[in-house]
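>>> Got a sequence here, can you build the structure:
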Amino acid sequence: MATNVVSLDAREVVRCEHCALVQYRTSNSLCRRCHKPLEIEEPVKVMGPVAVPDNPQATSTHAGLQVAGQVRDIRRARHLSQRQLAGRMQVPRTYISKIENGKAIPTLGSLARLADALEVDVTQLVRDARSKRDEEVAAIFADPFLAEIASLVPRLEPLQRTLVFGAVRDKATGQRRMA
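Residues are numbered from 1 along each chain as shown. Have a look, this model is predicted:
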């Protein structure tokens, strides 16, 4: 399990359980080295506060990191290498690497070319965690059965919720074993 502590600059420091790299939590909560999920467990002692100067470009950097994660995730989902994606865009492979690592923020023109090369809409590259969550919630409520359950859950007591969740989880894991 990864461990965390919040420094004075409000960025969370975590240690990856898999490769033991100590790092700031990334926007996608994946380790920078091994790309496995970072999970929170217990605090780590920090030698002292870290002073970070105010950066007016912080919001654009954060947006760049969101684009970076989206490009990487979509490229991997399409089973493309950086070299293949670069070939489709007719740019050097290092440019794709810089975009994915947040070291380069693509222009609007490059975003359009990226979207074409990945065969997605440009909005897929710039969506944030809130829009992803909204899409997931919409997908859940599109299923009539899940929508009905979701409407009933707020009426349950905490113990009842736990029992229902446990029964559903047991049934789901039992069915997976049978398949």
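>>> only C-alpha atoms for contact and neighbour calcs from this point on.
OK.
>>> now the strands for this structure?
Under the criterion DSSP state E, strands of the chain are mapped to 3-6, 12-15, 22-24.
>>> so how far is residue 142 from residue 69?
Distance, residue 69 to residue 142, by CA to CA, to the nearest Å: 27 Å.
>>> Between those two, point out the one with more neighbours.
Neighbour totals were compared for residue 69 and residue 142, and residue 69 leads with 21 against 11 (other CA atoms under 10 Å).
>>> surely the more buried one meets residue 26?
No: assessed by CA atoms under 8 Å, residue 69 is found out of contact with residue 26, at 9.8 Å.
>>> And the pLDDT for residue 71?
Residue 71 carries a pLDDT score of 89 in this model.
>>> That one against residue 98, yeah?
No: counting by CA under 8 Å, residue 98 is not a contact partner of residue 71; they are 11.1 Å apart.
>>> When those two are compared, which one has more neighbours?
residue 71 (23 against 14).
>>> What's the separation between the more buried one and residue 14?
24 Å.
>>> cool, and residue 34?
In terms of CA to CA, residue 34 sits 14 Å off from residue 14.
>>> same check, this time on residue 163
Residue 163 is 33 Å from residue 14, by CA to CA.
>>> what stretches of this protein score poorly on pLDDT?
Counting by pLDDT under 70, the chain has low-confidence residues at 1-10, 40-65, 128-130, 175-179.
>>> now the helices for it?
58-77, 82-89, 93-100, 108-118, 122-126, 129-142, 144-152, 158-178 (DSSP state H).
>>> TSV please, covering these and showing distance to residue 20.
Below are the helices of the chain laid out as TSV (distance: least, CA to CA, whole Å):
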stretch	distance to residue 20
helix 58-77	22
helix 82-89	27
helix 93-100	22
helix 108-118	33
helix 122-126	30
helix 129-142	26
helix 144-152	39
helix 158-178	31
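>>> wait, which of those helices is closest to residue 30?
helix 58-77 (9.9 Å; CA to CA).
>>> Show residues contacting stretch 69-84.
28, 85, 92, 93, 96, 97, 99, 100, 118, 124, 125, 126 (CA atoms under 8 Å, 6 or more residues apart in numbering).
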